[in-house]
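Colleague: coordinates only, sequence not included:
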C-alpha cells in the first residue's frame with residue numbers, strides 16, 4: 001500500500017527528532033542538522049511547486065529558514081575550535097539576529113493577504129511584543145546585564161528584530177490567521193525560533209558565553225520539521241482573501257488583553273522595587289523607556305477604542321432613527337394602501353365595499369333599531385361631463401361630496417358607489433328623519449356650483465328606504481329596494497326625493 005507524502009514525511013521527521021532526543025554527541029548534532037535541513041528543504045520544494053499565495057511572503061519565510069541554517073553553520077565553523085564565545089562578542093549576536101528581517105517582511109506580506117488592513121491590530125500586536133520584552137528584561141536580562149558591545153547589540157538589535165517578527169506573528173493571529181492551519185502552524189514555528197534564539201542569548205548572559213543546550217537543540221531540531229509540515233498542509237495553497245478578524249475590537253478577549261498590558265509596567269516596577277540587586281542606570285533607562293512607550297501606545301489604543309465605541313453608538317443611533325423612519329413610512333404606506341382599498345380615490349368617501357360591510361353588520365345586529373338608506377343620483381351630470389369635460393366633472397363631484405357630508409346626520413355613513421351615484425346609511429332614523437335628510441340633500445345639491453370660473457347648476461334624485469322591524473334582511477335586498485325608490489324619483493322628473501318604508 002502506497003503511503004501519502006504527509007505520512008512519509010511525518011515518519012521521517014519523528015525518526016530524526018527521536019534521534020536528537022535519545023542520542024549523544026556527535027550523533028545528536030548530526031540528527032539535529034539533518035532534521036532542520038530535511039524540513040527546510042521540503043518546505044522550499046513545496047513553495048516552488050505548490051506556489052502558495054502570496055508567493056513572495058512564503059519565499060521570504062523560506063529564505064529566513066535557510067539563513068537560520070547558515071547562521072548555525074557559521075557559528076559552528078567560525079567558533080568551533082574556540083573554547084569561549086563570550087557574550088560580549090559582537091559578531092555572534094549580529095549573526096543570531098540575521099534571519100529576523102527576512103522573516104519579518106515575509107510575515108508582513110502574509111498578514112496583509114490574510115486579513116483586512118487594520119492599524120488597530122498592528123497597535124495591539126506591538127503592545128503585546130513590548131509587554132513581553134519588558135517582562136523578559138525585568139525578570140531575566142536585567143539581573144545578568146554586563147556592559148559590552150555584544151550585550152548592547154543583544155539588547156538592541158536582537159530583541160528589536162525578534163520582537164518585530166513576534167509582533168507580526170501576533171498580528172497574524174489577531175487578524176484571524178489562527179483559523180488557517182498553515183498560518184497557525186507558521187505562528188508556532190516563529191515562536192519556536194524566538195525561544196531558541198532568546199534562550200541562547202539569555203543563558204549567555206548568565207554564563208558569559210554563547211552556547212546551546214539540550215532544550216534549545218531539541219527546539220531548533222523541531223523548527224525544521226514543523227516548517228516543512230506547513231508546506232504539506234492542504235490549506236497551504238488555499239487563496240488567502242482578506243477576511244474580518246475573528247475577535248471584535250470590543251470583545252472580552254481584547255479587554256482582558258488590555259488589562260494584562262496595563263498591569264505589565266506595574267509588575268515590572270514592583271519587581272524593580274523588590275529586587276535584591278541594585279539596578280544599573282542602563283537597566284533603569286531601558287525599563288522606564290519601554291514602560292513609557294508601552295503606556296503611550298496603550299493610551300492611543302484606548303482612545304481609538306473609545307472613538308470606535310462612540311462611532312458604533314452614533315451608528316446605532318442613526319440606524320435606530322432610520323429604522324424608526326422606515327417603520328413609520330411602512331405604517332403610513334400600510335394606512336395609505338388600506339385607505340385606497342376602502343375609499344374612493346376622487347372624493348375620499350368610503351367605497352361600495354365599506355358600505356356593504358357596514359350595512360351587513362348593521363342588518364345582522366341583534367339589537368338593531370330603525371334606519372334608512374338613501375340612494376342619491378345626480379340629474380344631468382352626464383351632460384356636464386360631455387360639454388365641460390371630465391376635469392370639470394371631477395371637480396363637481398368633489399363639491400357634491402362635501403355638500404353631502406355637511407348634510408348627513410352625525411351617525412350616517414356616506415359612500416360613493418361610482419360615477420355620480422352616492423349612498424347614505426343613517427342608522428337609528430325613522431321615516432320623518434329620513435324624509436328631512438332626503439329633502440336637505442336635494443335642497444343642498446340644487447344650489448349653484450362655482451367650477452373653473454363658471455356657475456353650474458345640477459339637481460339630484462333621492463330614493464330613501466326606511467327600514468323598520470327586526471326580521472332578517474340582506475344588504476342586497478335593501479340596496480335593490482332603495483334603488484327602486486330612486487328610480488321612482490328619477491321617473492317623476494328628478495330634483496326630488498321618494499321615501500319608501502320596508503317592514504319585515
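Modeller: On my side now, so go ahead. Since this is a predicted model, take the numbers as computed values, not measurements.
Colleague: Tell me where the stretch 201-350 of the chain has helices.
Modeller: Taking DSSP state H, counting those that start in this stretch as the criterion, the stretch 201-350 of the chain carries its helices at 214-232, 252-274, 281-342.
Colleague: Of the ones you listed, which stretch is the most buried?
Modeller: helix 214-232 (a mean of 21; mean count of other C-beta atoms under 10 Å). For the C-beta atoms, the positions are set from N, CA and C on the backbone; glycine is no exception.
Colleague: Can you name every helix or strand that that helix contacts?
Modeller: helix 5-22, helix 27-50, helix 55-78, helix 181-207 (3 or more C-beta pairs under 8 Å, 6 or more residues apart in numbering; DSSP states H and E).
Colleague: can you pull the buried residues of the longest one?
Modeller: Just to be clear, that refers to helix 181-207. Buried residues in helix 181-207, counting neighbours by 16 or more other C-beta atoms under 10 Å, are found at 182-190, 192-194, 196-201, 203-205.
Colleague: do the same with the second one
Modeller: Neighbour counts over helix 27-50 (16+ other C-beta under 10 Å) mark 28-29, 31-36, 38-44, 46-47 as buried.
Colleague: which strands and helices sit next to it?
Modeller: Helix 27-50 packs on helix 5-22, helix 55-78, helix 214-232, going by 3+ C-beta pairs under 8 Å, 6+ apart.
Colleague: likewise the shortest one?
Modeller: In terms of contacts (3+ C-beta pairs under 8 Å, 6+ apart), helix 5-22 is packed against helix 27-50, helix 214-232.
Colleague: I'd like to know which of the helices and strands packed on helix 27-50 lies nearest to residue 349.
Modeller: helix 55-78 (74.9 Å; C-beta to C-beta).
Colleague: which residues touch the closest one?
Modeller: The contact list for helix 55-78, computed with C-beta atoms under 8 Å, 6 or more residues apart in numbering, reads 33, 36-37, 40, 43-44, 47, 52, 85, 91-92, 95-96, 98-100, 102-103, 105-110, 113, 186, 193, 210, 220, 223-224, 227.
Colleague: Quick one: mean pLDDT for it?
Modeller: For helix 55-78, mean pLDDT is 84.
Colleague: Quick one: closest of the helices and strands packed on helix 27-50 to residue 402.
Modeller: In terms of C-beta to C-beta, the element of those nearest to residue 402 is helix 55-78, at 79.4 Å.
Colleague: Any buried residues in that closest one, and which?
Modeller: Buried-residue list, helix 55-78, by 16+ other C-beta under 10 Å: 57-69, 71-72, 75.
Colleague: ok, these vs residue 443, which is closest?
Modeller: residue 57 (94.1 Å).
Colleague: Can you give me the distance of the residue lying closest to the closest one once chain neighbours are set aside to residue 66?
Modeller: Distances taken as C-beta to C-beta, 6 or more residues apart in numbering place residue 109 nearest to residue 57, at 3.3 Å, with adjacent residues excluded. Using C-beta to C-beta, to the nearest Å, residue 109 is found at 17 Å from residue 66.
Colleague: Please apply the same query to residue 44.
Modeller: With distances taken as C-beta to C-beta, residue 44 is found 7 Å from residue 66.
Colleague: To what extent is residue 382 buried, counted in neighbours?
Modeller: A count of nearby residues for residue 382, using other C-beta atoms under 10 Å, gives 12.
Colleague: To clarify, my last question referred to residue 440.
Modeller: Number of residues near residue 440 (other C-beta under 10 Å) recorded here: 18.
Colleague: Make sure it is indeed in a strand.
Modeller: No: the assignment for residue 440, made by DSSP: H, G, I helix; E, B strand; the rest coil, is helix rather than a strand.
Colleague: Local confidence estimate at it?
Modeller: Residue 440 is given a pLDDT of 95.
Colleague: can you pull the contacts of it?
Modeller: Going by C-beta under 8 Å, 6+ apart, residue 440 touches residue 407.
Colleague: could you redo the last one with a cut-off of 10 Å?
Modeller: 403-404, 406-409, 462, 497 (C-beta atoms under 10 Å, 6 or more residues apart in numbering).
Colleague: Quickly list the domain ranges of this protein.
Modeller: 5-275+283-304, 352-503 (automatic domain parsing).
Colleague: would you turn those into TSV with distance to residue 312?
Modeller: As requested, those are exported to TSV (distance: least, C-beta to C-beta, whole Å):
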stretch	distance to residue 312
domain 5-275+283-304	8
domain 352-503	48
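Colleague: which stretch in those is the model least sure about?
Modeller: domain 5-275+283-304 (a mean of 75).
Colleague: Tell me the gap between that domain and the middle of its chain.
Modeller: Chain-centre distance of domain 5-275+283-304: 33 Å, with C-alpha atoms, centre = their mean, to the nearest Å.
Colleague: For that domain, measure first residue to last.
Modeller: 48 Å (C-alpha to C-alpha, to the nearest Å).
Colleague: follow-up on the earlier one: what's the neighbour count on the residue nearest to residue 57?
Modeller: That count, for residue 109 with other C-beta under 10 Å as the rule, works out to 19.
Colleague: Which strands or helices does the helix or strand containing it pack on?
Modeller: Element membership for residue 109, per DSSP states H and E: helix 99-114. Packed against helix 99-114, as judged by 3 or more C-beta pairs under 10 Å, 6 or more residues apart in numbering; DSSP states H and E, are the following elements: helix 55-78, helix 119-136, helix 149-174, helix 181-207.
Colleague: Name the surrounding residues that touch stretch 17-32.
Modeller: By C-beta under 10 Å, 6+ apart, stretch 17-32 touches 15-16, 33-36, 72, 76, 212, 214, 217-218, 220-225.
Colleague: ok, back up a step: so which of the helices and strands packed on helix 5-22 comes closest to residue 309?
Modeller: Residue 309 lies closest to helix 214-232 among the helices and strands packed on helix 5-22, at 37.9 Å (C-beta to C-beta).
Colleague: got the angle between that closest one and helix 55-78?
Modeller: 150 degrees (axes from the mean of the first three to the mean of the last three C-alpha atoms, to 10 degrees).
Colleague: can you give me the angle helix 214-232 makes with helix 181-207?
Modeller: Using the same axes, to 10 degrees, helix 214-232 lies at 160 degrees relative to helix 181-207.
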